[in-house]
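1. Please find the sequence and the predicted model below.
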Amino acid sequence: MTNVAHVLWEHLKRSRLLFFAAVWMSITMVMASFGFLIAPYDPNRTFPGKATVPPCLQFPFGTDYIGRDVLSQIICGSSTSLLIAFGAVLVELLIALPLGLLSGYFGGRIDQVLMRITDAILTIPTIVLLIVAVTLLRVESILSIILVMGFINWGWLARTTRGETLRIRGEDYILATKSLGFGDLYIIGRHILPNIISPIIVISTFDVAWFILYEATVSFIGLGNPTVPSWGRLLYIGRGFLTAGPWVSAFPGIFILLTVLSFNILGDFLSNLLAVKR
Amino acid sequence: MSLKRYVLVRIALIIPILIAVTSIIFLLLHLAPGNPVDIMLATSKGSRDIREVLMRRFGLDQPLHIQYFLWLYNTFTGNLGISVNGLAVVDIIAPRIWYTLELMLVSLVISVIIATLLGALAGYKHNSLLDRALSVLALIGYSVPNFWLGLIFILVFAAILGWFPVGAFSLGIELARISDLTSSLFVHLVYLALPAAVLVIEFTPYFFRLLRASMIDVAKEDYIVTARSKGLKETVILYKHALRNALIPLITAVGTSLGFVFGGSYVVEVVFAWPGLGSLLVTAALSRDYWVVMGVSLITAIMVIFSSMGIDIAYAYFNPKIRFGSAEY
């Protein structure tokens, strides 16, 4: 463990980008975990007569059109955005890993069917499918948006998992294990999965970034849950009075940008470190 | 395998994908709480008779698999249903396709050109100051939420500086229709500028990163070393020898990125009230106009499938080495 920490520290010292990503991720993690303690006000508290106040000492990022503090909404909204992004990646992994492993390992008819379904999923733009699903299924709670996003976006991960499995299933050490009489599930879990984990880690990291963007997009369009503070909801509110209160849109956008950027930097770093060819 | 055979196989392979896509959309519609006909009638207070007629019209009184085939049959005969406001979905969608394609193609072409020039340079001069600066810029462009950038552009360039009109594009078109072709083109350009700029900022980093990576690989090849040892100029090596080979992965990448490209355009359309499929999708989604939502997603899937097939075929045409057996499909 000390070794890992040491290597990481060496990389952090060398790359300013990675250093920035680490710092920003720590900040967002703290905001997401202890938001209600750090936030200056309750994010849903309205200040009478303080609607659309520009940034000042009392409200560093200003207030929205019904007098809620923007900074508090951003701090408390971070947990919504991150929870949804990480949750969706987890759901996506739970779907894509078994499908990709089975497809790649067994091949044949299962593979054909699963890959055609994957093709179909990949054909419709994720955001379009997301808008359709959120509308038709009347998605409102955080849990259901996590499930819907995970169920929509697993195509790429499944295809990569399948491709990687296919690549190594004919390797000598796999054949050797097979000839020793070990079962398929044992081989998949003990030998195949550990050997294909690098691209999966890299794709999952980039997907955290994508899911943050998707969540923000869905809320921005007006399909999000109006009672839960999130970065996307703030942008949706801010869009309505862009010229009267540009700070309501500007600040949450910068937070989304920096967070997505951090995860993309981490993704790039991991794919270099783990020598993943994309 | 001959090109003709390749094209035929490629077309045949579309059918299972189309069936899968339509099944997914069809299933989503039926998983949805509430019957589409009930929702259509909720606003117009239809009687039981109308309800029954509509149920029969859309085949909703049939078992599920029959419904699917009926829906498929209707779809292929150009009947995509009726929107909440009583218009045929096809008539609502058709005129918007062009606007979506206009915005998307303009942005895509500009992005690919910029990405090719800069990506080739950055990859060729790997690890130089220029490369690192461009890579960081690309990473930032890659991470910007496109709709937020759209809002900022509207605020800065339209509302504050007043360089571009603030209102919806459809208003501008109405005005242009009265006058001549030149001013109509001008109106298009004026309204296209900001959304296209946002999309270019979104798409360019994606293709830039691809081309840069492919260029780094090509620059290590023996024929580049040979070219240099012959004493050729660096610009000749870069654009004549290296770029040509580095472009190959970019062509396939454009094909596989179409989902991302369509998705990006749709969201940006909403911000700028561009009268394309994306803004239609969102308006329909917000008013729970099921048949329009279905129609737009179906048309999108079909456009993506056919254009990526077109790119694959063009790729096979220009690259005789490609053999069907070794390809993904």
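-> Okay, I see it. Numbering: from 1, shown residues only, chains lettered A, B, ... in the order given.
2. what element comes up after the helix or strand containing A:Pro194 heading to the C-terminus?
-> Using DSSP states H and E, A:Pro194 maps to helix A:193-221. Per DSSP H and E, the first helix or strand lying C-terminal to helix A:193-221 is helix A:231-240.
3. quick one: is that following helix near chain B?
-> Yes. Applying Cβ under 8 Å from any Cβ of the partner chain, one finds helix A:231-240 in contact with chain B at A:235, A:238-239. C-betas here are computed from N, CA, C, even on glycine.
4. want to throw the residues you listed into TSV with distance to B:Lys233?
-> What follows is the residues of helix A:231-240 next to chain B, written out as TSV (distance: Cβ to Cβ, whole Å):
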residue	distance to B:Lys233
A:Leu235	50
A:Gly238	52
A:Arg239	51
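5. Separate out the buried members of the residues you listed.
-> Those of those that meet the buried threshold are A:235, A:238-239, by 16 or more other Cβ atoms under 10 Å in any protein chain shown.
6. could those residues go into TSV alongside pLDDT?
-> As requested, those are exported to TSV (pLDDT from 0 to 100):
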residue	pLDDT
A:Leu235	90
A:Gly238	86
A:Arg239	85
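7. on that earlier part again, ok, of the residues of helix A:231-240 next to chain B, which one's closest to B:Val271?
-> Of all those, B:Val271 sits closest to A:Arg239, with 8.0 Å by Cβ to Cβ.
8. coming back round to it: mean confidence for the helix holding A:Pro194?
-> Summarised as a single mean, pLDDT over helix A:193-221 is 92.
9. Correct me if wrong: B:Pro16 contacts A:Met115.
-> No. Between B:Pro16 and A:Met115 there is no contact, the gap being 9.9 Å when judged by Cβ atoms under 8 Å.
10. From the neighbour counts alone, determine which of the two ranks first.
-> Under the criterion of other Cβ atoms under 10 Å in any protein chain shown, the comparison of B:Pro16 against A:Met115 puts A:Met115 first, with 21 against 16.
11. check which helix or strand covers that one.
-> helix A:108-123.
12. Give me the contact list for that helix.
-> Helix A:108-123 is contacted from outside by A:99, A:102-104, A:129, A:152, A:154-156, A:158-159, A:162, B:16-17, B:20-21, B:23-24, B:259, B:301, B:304-305, using Cβ atoms under 8 Å, 6 or more residues apart in numbering or on different chains.
13. Filter those down to just the ones in helices.
-> Per DSSP state H, helices hold the following members of those: A:99, A:102-104, A:129, A:152, A:155-156, A:158-159, A:162, B:16-17, B:20-21, B:23-24, B:259, B:301, B:304-305.
14. Contact partners for the closest residue to A:Phe86 other than its chain neighbours?
-> Spatial nearest neighbour of A:Phe86, chain neighbours left out: A:Val208 (6.5 Å); criterion: Cβ to Cβ, 6 or more residues apart in numbering or on different chains. By Cβ under 8 Å, 6+ apart, the contact list for A:Val208 reads A:85-86, A:89, A:263.
15. now A:Val208: how far from A:Leu270?
-> According to Cβ to Cβ, to the nearest Å, A:Val208 stands 12 Å off from A:Leu270.
16. A strand includes A:Asn272, no?
-> No. In this structure, A:Asn272 is helix, not part of a strand, as judged by DSSP: H, G, I helix; E, B strand; the rest coil.
17. where's it relative to chain B, distance?
-> Going from A:Asn272 to chain B by Cβ to the nearest Cβ, to the nearest Å gives 11 Å.
18. okay, that residue: pLDDT?
-> At A:Asn272, pLDDT is 86.
19. Get me the contact residues on the stretch 151-278 of chain A for chain B.
-> So far as Cβ under 8 Å from any Cβ goes, the stretch 151-278 of chain A lies against chain B at A:209, A:213, A:216-217, A:220-223, A:235, A:238-239, A:242-243, A:246, A:249-250, A:253, A:256-257, A:260-261, A:264-265, A:268, A:278.
20. Now do the contacts for the closest residue to A:Ser219 other than its chain neighbours.
-> Setting aside the residues directly before and after it, A:Ser219 is nearest to A:Gly232 in space (Cβ to Cβ, 6+ apart), at 2.6 Å. Taking Cβ under 8 Å, 6+ apart, we find A:Gly232 in contact with A:81, A:215-220, A:224, A:252.
21. redo that, cut-off 6 Å
-> Contacts for A:Gly232 were tallied using Cβ atoms under 6 Å, 6 or more residues apart in numbering or on different chains; they are A:215-216, A:219-220, A:224.
22. Export those residues as TSV, with columns for neighbour count.
-> Compiled in TSV, those are given as follows (neighbours: other Cβ atoms under 10 Å in any protein chain shown):
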residue	neighbour count
A:Glu215	28
A:Ala216	31
A:Ser219	26
A:Phe220	30
A:Gly224	24
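23. Take the residues you listed and lay them out in CSV including distance to B:Val267.
-> Listed next are these as CSV, based on distance: Cβ to Cβ, whole Å:
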residue, distance to B:Val267
A:Glu215, 13
A:Ala216, 10
A:Ser219, 12
A:Phe220, 8
A:Gly224, 14
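24. Tell me which residues of stretch A:46-57 come out buried.
-> Buried residues in stretch A:46-57, counted by 16+ other Cβ under 10 Å: A:50-51, A:53.
25. quick one: the nearest residue to B:Leu64 once chain neighbours are set aside and A:Ile152, what's the gap?
-> Among residues not flanking B:Leu64 along the chain, B:His30 sits closest, at 7.0 Å (Cβ to Cβ, 6+ apart). Distance, B:His30 to A:Ile152, using Cβ to Cβ: 17 Å.
26. Appreciated, that's everything.
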